[in-house]
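Chemist: Next come a sequence and a model predicted from it.
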Amino acid sequence: MSIGGAFYAFDRYRLRELVIDPSSVSGFLFHTPEDKGGPHASQTVEQAWDVVRVLLPEAVDGEQLEGTEALGCIYLTASHVERAAARLARRSVPELVARFTGEPTQFAELYWAKTWQSGAEDLADFMEGVKRFFAEAATRRDAVVFYIV
């Protein structure tokens, strides 16, 4: 079994409920339809979650949420999302990928590092997707959860 991660965007007013009852996060993310207030956007990063977390720390610059079923769960308020989107917009994915592939020993401890160093094009696609996801979430003033399973 491998570890994967994804970002989920939803109405910022739902975040309080999740923080109050972290055990409800999994059900909310995976079983609440959009028309019932569930997530209305997501961006998977699959097994690149650790690399994305390190290369795009803005995307996970929120609060750790303990008590979920996840291996890791970070939430970002609408304000966090807006700040993250602005910072991510200034990041160059080609430069980050070049650094990651050009300094393999510096990143060797990251989950699936060798796979992503040889699959840099797929990694770049994930990272560009994260940038777009945050830009769109910020426009809607959404909250975001980064969920690792």
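Modeler: Yes, it's here.

Chemist: Quick one: distance of stretch 42-52 to the chain centre.
Modeler: Relative to the chain's own centre, stretch 42-52 is displaced by 6 Å; criterion: CA atoms, centre = their mean, to the nearest Å.

Chemist: contacts for it?
Modeler: Contact with stretch 42-52 is made by 2-9, 59, 100, 107, 110-113, 115-116, 122-123, 126-127, 129-130, 132-133, 148, as judged by CB atoms under 8 Å, 6 or more residues apart in numbering. Glycine gets a C-beta too; all of them are placed from N, C-alpha and C.

Chemist: Got a quick ChimeraX command for the buried subset of the residues you listed?
Modeler: A single ChimeraX command suffices to select whichever of the contacts of stretch 42-52 are buried according to 16 or more other CB atoms under 10 Å:
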select :4,5,6,7,8,9,59,100,107,110,111,112,113,116,123,126,127,129,130,133,148
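
Chemist: Just the contacts of stretch 42-52: which are in strands?
Modeler: In strands, defined here by DSSP state E, the members of the contacts of stretch 42-52 are Gly5, Ala6, Phe7, Tyr8, Ala9, Ile148.

Chemist: Which strand residues bridge the fifth one?
Modeler: Right, the one you point to is Ala9. Ala9 has these beta-bridge partners by DSSP bridges: Ala41, Val144.

Chemist: for the residue nearest to Gly129 when sequence neighbours are not counted, helix, strand, or coil?
Modeler: Spatial nearest neighbour of Gly129, chain neighbours left out: Gln43 (5.1 Å); criterion: CB to CB, 6 or more residues apart in numbering. Following DSSP: H, G, I helix; E, B strand; the rest coil, we place Gln43 in the strand state.
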